[in-house]
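1. quick one: sequence plus predicted model below, questions after.
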Amino acid sequence: KLTRYSPALQTFAAVIRNERRSIVAVFLVMVIMLIAAPSLIVLAEHQAQPEKFASIPDAMWWAIATLTTVGYGDVTPVTALGKLLGGVVMLTGIALFVLWTGIFASSFAAELRKRDFVVSWNMVAQVPAFASLDATAIAEIARLLDAVVVPERYTIVRRGEKADCMYFIASGEIEVELHPEPLVLGQGHFFGEVGLLHSTVRNATVIAVTECRLLMLDSEDFKTLLERFPEVRNTI
């Protein structure tokens, strides 16, 4: 429920979804290290510290603390081979966290670039409803529109909700849940205007089939658009 109303949580979910293969790969490397590191440290330290490195499960605490570079110091190697192994595990832990950071940082940056795209003159001019307007009119309309990016399978509007805006599709596909057959709309189409024209609630649920870039027009700007541009009013 909260994710639907929070763009930040939507972005986080999109990052996890887009980078799931890379995240799983790094996680598997960490799991391998959590098994290999305690196995090797037991071989190196068992004779010197049998009470601290009695078995592989006992040594996993040391491996976790070392891999995460926390280093509590409650369990430490004393042999030369154990210290060398500890150094290798520390460096591996740092490298793994660099991978985590790089994956998330690059994916977040890409996702934010997609979500923060700017409504341009060319984008508005490609919408058939505005195709007959001159350059000045298109520039004015571009200032009224807000850019919105929604992920795949995202519910854009729900049946019964208050109609407070309409949408033009800049890219992607949406599905309008109508009976008996759903209606699929793509680039250049618009939806949500019925509720604004008649001041009613939404009469259908609209879901993004793919990731969509939408141009949103709120109710106040919708009235301004219809008053100032008769061609657009006739089209809608």
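-> Ah, there it is.

2. and the average pLDDT for the longest helix along the chain is what?
-> Longest helix in the chain by number of residues (criterion: DSSP state H): helix 80-115. Mean pLDDT, computed over helix 80-115, is 88.

3. list the buried residues of it.
-> Judged by neighbour count using 16 or more other Cβ atoms under 10 Å, the buried positions of helix 80-115 are 82, 85-86, 89, 92-93, 96, 99, 103-104, 107, 111, 115. All C-beta spots, glycine's among them, are computed from the backbone N, C-alpha and C.

4. that helix: what's the following helix or strand?
-> Next in sequence after helix 80-115, counting helices and strands by DSSP states H and E, comes helix 121-125.

5. show me where this structure has strands.
-> Along the chain, the stretches classed as strands by DSSP state E are 146-150, 155-157, 165-171, 174-177, 183-185, 190-191, 205-208, 212-218.

6. in TSV: the ones you listed, plus distance to Gln126, mean neighbour count and mean pLDDT.
-> Shown next, in TSV, are the strands of the chain (distance: least, Cβ to Cβ, whole Å; neighbours: other Cβ atoms under 10 Å; pLDDT from 0 to 100):
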stretch	distance to Gln126	mean neighbour count	mean pLDDT
strand 146-150	14	18	86
strand 155-157	20	19	92
strand 165-171	8	22	91
strand 174-177	17	18	94
strand 183-185	15	14	94
strand 190-191	13	19	91
strand 205-208	19	19	94
strand 212-218	10	21	90
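
7. distance to Val42 for these - can I get that in TSV?
-> As requested, these are exported to TSV (distance: least, Cβ to Cβ, whole Å):
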stretch	distance to Val42
strand 146-150	51
strand 155-157	53
strand 165-171	56
strand 174-177	57
strand 183-185	60
strand 190-191	64
strand 205-208	52
strand 212-218	54
